[in-house]
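> Need coordinates for the following:
(one chain, ligands or ions: 2)
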Amino acid sequence: MTPSFGTPLQNNKYILQEEIKRGISGVTYKAFNTATKQEVTIKTLNLAIGQDSYLEELRKKSFDEARRLVRCSHPNIIRFRDFFIEEEMPYIVMDAIRGVTLDRIVFPNNPLPEDVAVNCMRQIGEAVKVIHASGLLHRDIRPENIMLREGGQQVVLIDFGIAREFKAGSVQTHTHITSDYAPLEQHLPRAKRSQATDVYGLAATLYTLLLAKVPVSATLRDRIPLSAPRDLREDLSPEVSVAVMKGMILEAEDRPSNVDEWLAMLPPIQNKNFIIDIPEGLIEPEQSPEIDPEPDRIPSEVKTSNSNLSQYIKIALALIAGFVIFDYAIIKFRPKNPQPEQTPNSEIVPIQTQFKV
Ligand SMILES: Nc1ncnc2c1ncn2[C@@H]1O[C@H](COP(=O)(O)OP(=O)(O)OP(=O)(O)O)[C@@H](O)[C@H]1O
Ligand SMILES: [Mg+2]
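Ligands and ions are numbered 1, 2, ... in the order given. Model (predicted):
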């Protein structure tokens with residue numbers, strides 16, 4: 001079953017704190033690593049779909065995503081931390097990024113300055129080159145899968161859920177692709193795979209960053225033509241507009257064949273020290289690091305969330321301190337020779353016996 005928030009994992013090493021997103025097949029959580037005292041992001045399966053026969057396939061998908069992440073290491077690719085299976089559920093642990101996805105920056109109406117948008121796509125282009133050099137295609141490059149770090153300067157590619165190994169030019173089955181950022185060949189059940197598939201995703205993402213508009217889906221472009229960015233926004237350079245349109249050519253063979261070729265079409269960046277303003281409220285204020293108890297000393301009934309847990313610990317410490325002070329006061333101020341209380345009931349233990357230390 002999909003775990004609920006507060007669930008401890010791996011013998012309390014990780015505690016799930018908050019659900020970030022529940023997709024069709026996966027759930028992403030904010031979580032806490034009690035060993036390193038760091039926030040992490042954990043992805044697992046969404047089993048609300050309740051199809052046991054599907055479980056094995058999803059588990060394999062998760063394992064594949066972890067394997068792919070391990071193979072790709074780059075500052076603009078999310079850092080993989082751990083993978084494990086617990087109670088038959090697979091879990092991927094990644095660094096938590098403090099930031100927001102680019103769709104939340106540009107939509108509904110905040111197109112980025114050309115220089116800034118190009119800078120972002122150059123960073124992601126470098127990440128995709130590493131993915132291609134590992135023999136993989138990402139296949140899901142879009143603003144929702146790119147996070148802008150707090151600080152507004154670095155972007156990071158996340159979500160390797162549908163990345164795949166590929167052999168250049170071979171015909172393989174594409175699965176689960178419905179995105180408007182996916183080229184035509186990804187909508188076809190059997191089509192040639194090549195690095196040009198990801199070039200389309202990069203160009204389509206740049207289209208959105210420049211125009212705050214989702215591009216026309218490749219499947220509709222024979223009916224609804226795709227307007228060139230410069231036709232919709234006059235201040236854009238001809239170079240950037242051409243780079244977008246060439247990267248989004250419908251036939252894979254006619255597109256720039258690899259990321260380097262596409263990046264070479266982009267105009268040079270004038271200002272490298274850009275900062276994208278992140279609207280207030282999109283990033284939660286940082287929590288001050290709290291001292292956490294040893295995980296194995298946490299009583300099971302307080303293994304809920306990290307904040308609840310530290311509250312319980314504080315209350316427990318306050319109670320213990322109270323008892324110690326109270327005991328000390330009794331010992332210190334007790335009468336030297338207290339008289340036994342006069343009571344007709346002989347079974348009551350005399351107070352002096354209770355005070356013996
Ligand atoms: N490492 C991370 N740090 C912070 N937030 C993250 C991280 N990874 C993902 N997120 C957040 O979780 C959301 C969902 O993540 P992701 O895109 O990986 O999953 P998904 O789209 O639901 O997965 P899939 O496409 O595999 O079903 C992202 O949009 C982002 O807001
Ligand atoms: Mg995603």
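> which SS state does the residue of the stretch 101-250 of the chain found nearest ligand 1 fall under?
Residue nearest to ligand 1 within the stretch 101-250 of the chain (Cβ to the nearest ligand atom): residue 161, separated by 2.5 Å. C-beta: built from backbone N, CA, C; applies to glycine. Of the three states, residue 161 takes coil under DSSP: H, G, I helix; E, B strand; the rest coil.
> If you tally nearby residues, what's the number for it?
Neighbourhood size, residue 161 [other Cβ atoms under 10 Å]: 20.
> Please list the residues of the chain that sit near ligand 2.
Applying Cβ under 5 Å from the ion, we find that the chain lies next to ligand 2 at 145, 159.
> most centrally placed residue in the chain?
residue 41 (5.2 Å; Cα atoms, centre = their mean).
> my guess is that residue meets residue 93, correct?
Yes. Counting by Cβ atoms under 8 Å, residue 41 does reach residue 93; the two are 7.5 Å apart.
> tell me, what's touching the two both at once?
Residues touching both residue 41 and residue 93 (Cβ atoms under 8 Å, 6 or more residues apart in numbering) are residue 31.
> list the buried ones in stretch 208-227?
Neighbour-count burial for stretch 208-227, counted by 16 or more other Cβ atoms under 10 Å, picks out 208-218, 226-227.
> May I ask which two of the residues you listed are separated the most?
The span of the buried residues of stretch 208-227, defined through Cβ to Cβ, is set by 212 and 218 at 19.9 Å.
> Secondary structure of residue 39: a strand, I assume?
Yes. Applying three-state DSSP, one finds residue 39 inside a strand.
> How about it, nearest residue that isn't a chain neighbour?
Excluding its sequence neighbours, the residue lying closest to residue 39 (Cβ to Cβ, 6 or more residues apart in numbering) is residue 96, at 4.2 Å.
> Who are the contact partners of the one you found?
Going by Cβ under 8 Å, 6+ apart, residue 96 touches 30, 31, 38, 39, 40, 41.
> Hmm, residue 39 and the second one touching each other?
Yes. Residue 31 is within contact range of residue 39, at 7.3 Å (criterion: Cβ under 8 Å).
> Looking at those two, which has the bigger crowd around it?
Remark: of residue 31 and residue 39, residue 31 carries more neighbours, 28 against 18, as counted by other Cβ under 10 Å.
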